[in-house]
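Enquirer: The following comprises the amino acid sequence and a computationally predicted model.
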Number of protein chains: 2
Amino acid sequence: MNDTPEMASGLLGDAGGRISADQIRHVFARYGEVQTAGDIEGILALFAENAVLRDPANAPEHRGKPAIRAFFEAGKAASGGAIEMKLEGGVRIAGNEAAAAFIARTVNNSPVFRVETLDVMTFNEEGLITQMIAYWGPDNFTQES
Amino acid sequence: MNDTPEMASGLLGDAGGRISADQIRHVFARYGEVQTAGDIEGILALFAENAVLRDPANAPEHRGKPAIRAFFEAGKAASGGAIEMKLEGGVRIAGNEAAAAFIARTVNNSPVFRVETLDVMTFNEEGLITQMIAYWGPDNFTQES
């Protein structure tokens, strides 16, 4: 639904220059796909050169693609391989910022851990991620097997 | 689950001084309850005096309890009364920051709108919200009736 209900229009910010909701939903879906495939190049292709990542939110930031690459490579290695990631619910979109919950499963690790995660992404006008903050912690882990 | 899997411990930030996961989950649940009840005092009781609210994320901020009160009162009036809010999925917790998705329904408005929202909250050591950012926009509205 693309029409803004009148009751909401007064609360919404300026929509000028924003990328489309479809583009944003595509990036969230694609992020889940490339994580699930263990495709580090595919993950990096979603980020702008000078992007900033905090994953989780209370950890030090990773700034720029080389640092972001190192982070995802380390995460993949620590998890025994690719991490399955599936969206849980719809992508919430506020202009060029958006957020969605994911269920991550360390399917290549024994035991398998199920982790409830949630990513907030900020996009530039080209639809690339300029900032990503991931919300998860020890209380979001469940051991499956 | 309160034990941190070994594979995650290296990624997690310093846990010093944080409030408990149970406290954080309680605030998210309580926020849904007081919104559903239209209890403005109950909503405000969750916030620190100098809290900052952006709702939605791409709108101007509301700083301090008087401004936050005015915002929630206006939202309630614009929605015809209280807005039903139910958590969608678990609360994701990264130290003193946490996030969760909600389904909001304007049950006192005709037509009823269903809105997929998502709140990121930062807490002080007393468990009060110091910052809340809400992610939603026109693409998250569905008309129910």
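Expert: Noted; the coordinates are in hand.
Enquirer: make it CA atoms for all contacts and neighbour counts henceforth
Expert: Fine.
Enquirer: Show me what the longest helix along chain A is in contact with.
Expert: As assigned by DSSP state H, the longest helix anywhere in chain A is helix A:21-37. Outside helix A:21-37, the residues within contact range by C-alpha atoms under 8 Å, 6 or more residues apart in numbering or on different chains are A:40, A:42-43, A:46, A:82-87, A:91, A:93, A:98, A:100, A:127, B:139.
Enquirer: Can you tell me which of those residues end up in helices?
Expert: Filtering the contacts of helix A:21-37 for helices - DSSP H - leaves A:Ile40, A:Gly42, A:Ile43.
Enquirer: Filter those down to the buried ones.
Expert: When the ones in helices among the contacts of helix A:21-37 are checked for burial by 16 or more other C-alpha atoms under 10 Å in any protein chain shown, the buried set is A:Ile40, A:Ile43.
Enquirer: possible to save the ones in helices among the contacts of helix A:21-37 as JSON lines with pLDDT?
Expert: Shown next, in JSON lines, are these (pLDDT from 0 to 100):
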{"residue": "A:Ile40", "pLDDT": "98"}
{"residue": "A:Gly42", "pLDDT": "98"}
{"residue": "A:Ile43", "pLDDT": "98"}
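Enquirer: Quickly name whichever of the ones in helices among the contacts of helix A:21-37 is closest to A:Ile19.
Expert: The closest of the ones in helices among the contacts of helix A:21-37 to A:Ile19 turns out to be A:Ile43 (C-alpha to C-alpha; 19.5 Å).
Enquirer: ok, the closest one - contacts?
Expert: Residues in contact with A:Ile43, defined by C-alpha under 8 Å, 6+ apart, are A:Tyr31, A:Val34, A:Gln35.
Enquirer: Point me to the helix or strand that includes the residue nearest to the spatial centre of chain A.
Expert: Against the mean C-alpha coordinate of chain A, by C-alpha atoms, centre = their mean, the closest residue is A:Asp119 at 4.2 Å. Using DSSP states H and E, A:Asp119 maps to strand A:113-123.
Enquirer: returning to what we had before: closest to B:Gln131 among the contacts of helix A:21-37?
Expert: Using C-alpha to C-alpha, these come closest to B:Gln131 at A:Ala98, 17.1 Å.
Enquirer: ok, and the most crowded of the contacts of helix A:21-37?
Expert: Most neighbours among the contacts of helix A:21-37, by other C-alpha atoms under 10 Å in any protein chain shown: A:Ile93, with 29 neighbours.
Enquirer: Surely that residue and B:Asp119 touch.
Expert: No: using C-alpha atoms under 8 Å, A:Ile93 is not in contact with B:Asp119, being 11.9 Å away.
Enquirer: lowest average confidence, helix or strand, in chain A?
Expert: The helix or strand of chain A with the lowest confidence, counting by mean pLDDT, DSSP states H and E, is helix A:6-9 at a mean of 48.
Enquirer: which SS class is A:Ala59?
Expert: coil (DSSP: H, G, I helix; E, B strand; the rest coil).
Enquirer: What's the local residue count around it?
Expert: For A:Ala59, the neighbour count with other C-alpha under 10 Å is 18.
Enquirer: mind checking pLDDT for it?
Expert: Per-residue pLDDT puts A:Ala59 at 97.
Enquirer: what residues are shared contacts of A:Ile93 and B:Asp119?
Expert: Taking C-alpha under 8 Å, 6+ apart as the criterion, A:Ile93 and B:Asp119 both touch B:Tyr135.
Enquirer: is the residue lying closest to A:Glu97 once chain neighbours are set aside in a bridge, and if so with what?
Expert: If the residues on either side of it in the chain are set aside, A:Glu97 comes closest to A:Thr122, at 4.4 Å by C-alpha to C-alpha, 6 or more residues apart in numbering or on different chains. Legend: beta-bridge partners of A:Thr122 under DSSP bridges are A:Glu97, A:Gln131.
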